[in-house]
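Q: Mind looking at a prediction? Sequence and model below.
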Amino acid sequence: MTDVYSSEKRSAVMRQVKGRDTAPELKVRRALTALGARYRLHRADLPGKPDIVLPGRRLALFVHGCFWHGHDCARGARVPKQNRDYWVGKVERNRARDAKNREALAGLGWRVETIWECELKDAAGLEERLRALLATPHSSSSGQPQVDPGDPS
């Protein structure tokens, strides 16, 4: 089946796909706020500019769309029939970039977690996971929690 849109219209639709302040990201941010967590957004000084950063906990959260980042759920496993080679390559490049960013952040002493779009359907499960992440302090080799010296909070 061919695309229901013309090439120009499809290009316009794809240009509207956002990389920040997405609906899934906003849902996670609302949940964190409800739990009383303080966070920063898209810190450019960190590898991969994590979607949400909790500096006092040295926790970086990425909120990934299942399709765009190749999650193993039904939505992430779906590959468009049109231009298949492009999309397979695109998702693989995204996954390679994600792995590189996770490794770089871990090397800097950050805990890195990914929250998948499909996980947001279960609000209670999301809250439980976020509570667990917030309850686990990041500690340095001295046993004292690390605080990011560049963070104003």
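A: Good, I have the coordinates.
Q: all contacts plus neighbour counts: C-alpha atoms, from now on.
A: Fine.
Q: looking at the chain, which helix or strand does the model trust least?
A: Taking mean pLDDT, DSSP states H and E as the measure, helix 7-15 is the helix or strand of the chain with the lowest mean score, a mean of 83.
Q: For this protein, just list every one of the helices.
A: Counting by DSSP state H, residue ranges of the helices within the chain are 7-15, 23-34, 66-69, 74-77, 84-107, 123-135.
Q: Switch these over to a markdown table; also include mean neighbour count.
A: What follows is the helices of the chain, written out as a markdown table (neighbours: other Cα atoms under 10 Å):
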| stretch | mean neighbour count |
| --- | --- |
| helix 7-15 | 10 |
| helix 23-34 | 16 |
| helix 66-69 | 19 |
| helix 74-77 | 14 |
| helix 84-107 | 15 |
| helix 123-135 | 14 |
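Q: With distance to Ala44 as added columns, please give the ones you listed in JSON lines.
A: Listed next are those as JSON lines, based on distance: least, Cα to Cα, whole Å:
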{"stretch": "helix 7-15", "distance to Ala44": "22"}
{"stretch": "helix 23-34", "distance to Ala44": "17"}
{"stretch": "helix 66-69", "distance to Ala44": "20"}
{"stretch": "helix 74-77", "distance to Ala44": "27"}
{"stretch": "helix 84-107", "distance to Ala44": "12"}
{"stretch": "helix 123-135", "distance to Ala44": "22"}
